[in-house]
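Engineer: Would you be able to build a 3D model of this:
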Amino acid sequence: MTKADADVQQQVFDWLCKQLAKPLNIIEDTLDDLLFTYFKTPAFIDAKLAYTAKRFRAVQKHPDSWNYDWLTEKWLKHYLQMMTAAHMPDKQVIEFCKANLATPQVRLFYSQFCLQHHDEAHAVQLLKDGKTLVTDNRRMLAEFSRQLKDAYQQLGEQQLYRQELWQLLTEYAPADEALFSELKQSYPTKDWPAVREQLLTAIAKNSNVDLKPLYVQEKLLDRLLKAVVAADGLWDLQTYESLLKPHFSNQLLAKYDHEVRKMATATGTRRKYQQLVRILKRMLDYPDGKSIVQTIVHDWQQQYPRRSAMMDELSRLKL
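Structural biologist: Numbering: from 1, shown residues only. Predicted structure coming up:
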């Protein structure tokens, strides 16, 4: 596209704008990427600014539409990007933002604008008020909170910065690894272990939260092992196997033993029995693995003699 002449570029640009105006276009994401990835000359940026403003206004006329929120967010994001790319005068940016502060994306954009113009106090107030407007939207709450903690950090408000990070980790983005690491870096090394314990306890209050990546990050292998053994199936075991095996081979082998026996209780296809044999082969790599696998194979031969496909696959296992 960048090598095409001006007339061809204009034709493609016009075609993309026309196609994006059609409802439920199945290649809309691709067209959208093309329009906003290319066409970066000043003339095209001005055209895209006008086009996105037009689309945003059109969406605002139909607040009862089933996809109103999604379309508002989409075209507003593009319009704000074009405002920046077109170097729109600050006065016009501020006027637009103030007129549309009820829209969370505008408020987020405006807060960043204020920070860039060293109006930190206004940015913080915009974000704090914004959080009260999106209490039923966890994703937007997280966005406001992320910007707010960054604003506090920029202001040097260490305590407020840590408090916002804590709220992110325990409410809006539980167990986020990057945020966890960020909070850790804000504390002296000697203070972190006590803070970490309080934090892990608070994060664990969220249902279905996965603490295992944090255990890895903190090298809390005993807790990681406990979580892996407690989990159903073998997914977590195999995910963390290389880390845990040098320290807890017996416990992992016992977990394999339990899970593979449970898997074998229901009859299945040959493919399932091949999967069981692959697991047994993996167990052979453990100290004492051979004796455990021999016992399992013997037990299955006694329990399931009529499963011919299973017996055939087991016969291929070299013990």
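Engineer: And the helices in the stretch 151-300 of the chain, which stretches?
Structural biologist: Assigned helices in the stretch 151-300 of the chain, in chain order: 158-167, 177-185, 192-203, 212-217, 221-230, 235-264, 270-283, 289-303 (criterion: DSSP state H, counting those that start in this stretch).
Engineer: So which of those helices is nearest F13?
Structural biologist: Smallest distance to F13 across the helices of the stretch 151-300 of the chain (CB to CB): 37.7 Å, for helix 177-185. Any C-beta I mention is one placed from the backbone N, CA and C, and that applies to glycine too.
Engineer: show me where pLDDT drops low in this protein?
Structural biologist: Where the chain drops to pLDDT under 70, the residues are 1-4, 24-25.
Engineer: can you pull the contacts of the residue nearest the centre of it?
Structural biologist: Centroid-nearest residue in the chain, with CA atoms, centre = their mean: D176, separated by 8.6 Å. Residues in contact with D176 (CB atoms under 8 Å, 6 or more residues apart in numbering) are 168-169.
Engineer: could I get the helices of the stretch 151-300 of the chain as a markdown table with distance to H78?
Structural biologist: Formatted as a markdown table, those follow (distance: least, CB to CB, whole Å):
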| stretch | distance to H78 |
| --- | --- |
| helix 158-167 | 29 |
| helix 177-185 | 27 |
| helix 192-203 | 36 |
| helix 212-217 | 34 |
| helix 221-230 | 43 |
| helix 235-264 | 39 |
| helix 270-283 | 47 |
| helix 289-303 | 57 |
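Engineer: of the ones you listed, which approaches N100 most closely?
Structural biologist: Proximity to N100 (CB to CB) singles out helix 158-167 among those, at 24.8 Å.
Engineer: how far off helix 192-203 does that closest one point, in degrees?
Structural biologist: Comparing the axes of helix 158-167 and helix 192-203 via axes from the mean of the first three to the mean of the last three CA atoms, to 10 degrees yields an angle of 40 degrees.
Engineer: coming back round to it: so how far is Q158 from the residue nearest to the centre of the chain?
Structural biologist: Plainly put, D176 is 20 Å away from Q158 if you go by CB to CB, to the nearest Å.
Engineer: And M263, by the same measure?
Structural biologist: 51 Å.
Engineer: again, but for V216
Structural biologist: 28 Å.
Engineer: out of these two, which sits in the busier spot?
Structural biologist: V216 (16 against 11; other CB atoms under 10 Å).
Engineer: got the contact list for the more buried one?
Structural biologist: Going by CB under 8 Å, 6+ apart, the list of residues near V216 reads 224, 240, 243.
Engineer: Tell me which residues touch the closest residue to the first one other than its chain neighbours, please.
Structural biologist: I take that to be L224. Distances taken as CB to CB, 6 or more residues apart in numbering place Y215 nearest to L224, at 4.0 Å, with adjacent residues excluded. Neighbouring residues of Y215 by CB under 8 Å, 6+ apart: 221, 223-224, 227.
Engineer: Make a ChimeraX selection of the buried ones in those.
Structural biologist: Buried residues among the contacts of Y215 (16 or more other CB atoms under 10 Å), as a ChimeraX selection:
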select :221,224,227
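Engineer: Please tell me I have it right and E28 contacts L16.
Structural biologist: No. The criterion here is CB atoms under 8 Å, and E28 misses it with L16 at 10.5 Å.
Engineer: Would you mind telling me which of the two has the busier surroundings?
Structural biologist: It is L16, of E28 and L16, that has more neighbours when counted by other CB under 10 Å, with 19 against 14.
Engineer: Might one say that that one is in contact with F36?
Structural biologist: No. Under the criterion of CB under 8 Å, L16 is not in contact with F36, lying 9.6 Å apart.
Engineer: Off-centre distance for the host helix or strand of A142?
Structural biologist: In the assignment (DSSP states H and E), A142 maps to helix 138-155. Mean C-alpha position of helix 138-155 versus that of the full chain (CA atoms, centre = their mean, to the nearest Å) differs by 17 Å.
Engineer: Show residues contacting it.
Structural biologist: 104, 107-108, 111-112, 115, 120, 123-124, 127-128, 130-131, 134-135, 158, 160-161, 164-165, 167-168, 171-173.
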